[in-house]
Every structure is written in C-alpha cells, then in structure tokens.
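**Student:** Structure for this input, please:
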Amino acid sequence: MKFDLSDLPHFLKIQGKTIARGIVKGIDQRESLDGGPQKSNAPSTVRKKGHDHPLIGGAHDSPQLSREANYNVTMSKPNEVQISIKPIRAAAGVYVERKGYKFFGITKLASKIVLANWDRYVRGKVRRMFD
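**Tutor:** Predicted coordinates for the structure are as follows:
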C-alpha cells in the first residue's frame, strides 16, 4: 500500500493560482479578504483618478493589480507555493497596502475552494491506495 504524493507540487501550484484569481476577483468586485467591502477612496483620490473604484488605477492607467497576469505563482520549495506581485507592479501593491487596502491574501471564497480541492485530492489518494 502506497500513499503517492509525487504530484503534490503540481496540485499546490494550481491552488496558488486559485488564490491569485481570488485576489483579482476581490479587487474587481471591491471586496476585502473577508468578503466585506473594500475601503473606499477619499474624495480627492476619486477626483484625481476619475472614478471611485479602489485598487484600480486612474482613467489612463492600466488596472495594475486586478490582472491575474501580474501575479507570480511559484514553488519556492518542493511543497511550498509562493504568490507574489510581479516586480513591475510590486510598488503599487506596497503603496495601496500602506494606505490601508487589504487585498493581498487568501479570500474567503478561495479558501473554501482550496479546502474542497484538498479534500478531493486526499480522498482520491486514499481510494487509489486500496485499488
């Protein structure tokens, strides 16, 4: 009987991408990590940007943090996923986090999805042990 985890790094990387998608979805839908509303922009910021959508750049800026392509999902160790903002966008991430916007982390929905995927993964492994 063998509990084969050779595909665990691949599984974990896929879950990291799920978490990155959750970050982007939270920004797009103006939600904080816990599912509540994201902090609003100050009136002066709304005038400057031309809209009131937090974490999205001004009218002429690209949405720097709300694109999945701006996040790296890598295996920093054999069984450790690292999710980071690509260097070209990292300064924007640090800036908005310092301003009090909490967007970079595991959202409530992403957590549910990853846990459900983990349950399926482990059940599948256990089932194959007895095949």
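**Student:** so which helix or strand takes in the most centrally placed residue in the chain?
**Tutor:** If you average the C-alpha coordinates of the chain and look for the closest C-alpha using Cα atoms, centre = their mean, you land on residue 20, 2.6 Å from that point. Using DSSP states H and E, residue 20 maps to helix 8-28.
**Student:** Just give me how far that helix sits from the chain centre.
**Tutor:** On the basis of Cα atoms, centre = their mean, to the nearest Å, helix 8-28 sits 5 Å off its chain's mean C-alpha point.
**Student:** buried stuff in the very next helix or strand once past it?
**Tutor:** Scanning forward in sequence from helix 8-28, with DSSP H and E defining helices and strands, the next element found is helix 43-49. Residues residue 49 are the ones in helix 43-49 that count as buried (16 or more other Cβ atoms under 10 Å). From N, CA and C alone the C-beta is placed, and that goes for glycine too.
**Student:** Show me the shaky parts of this structure.
**Tutor:** Scanning the chain for pLDDT under 70 picks out the ranges 1, 57-62.
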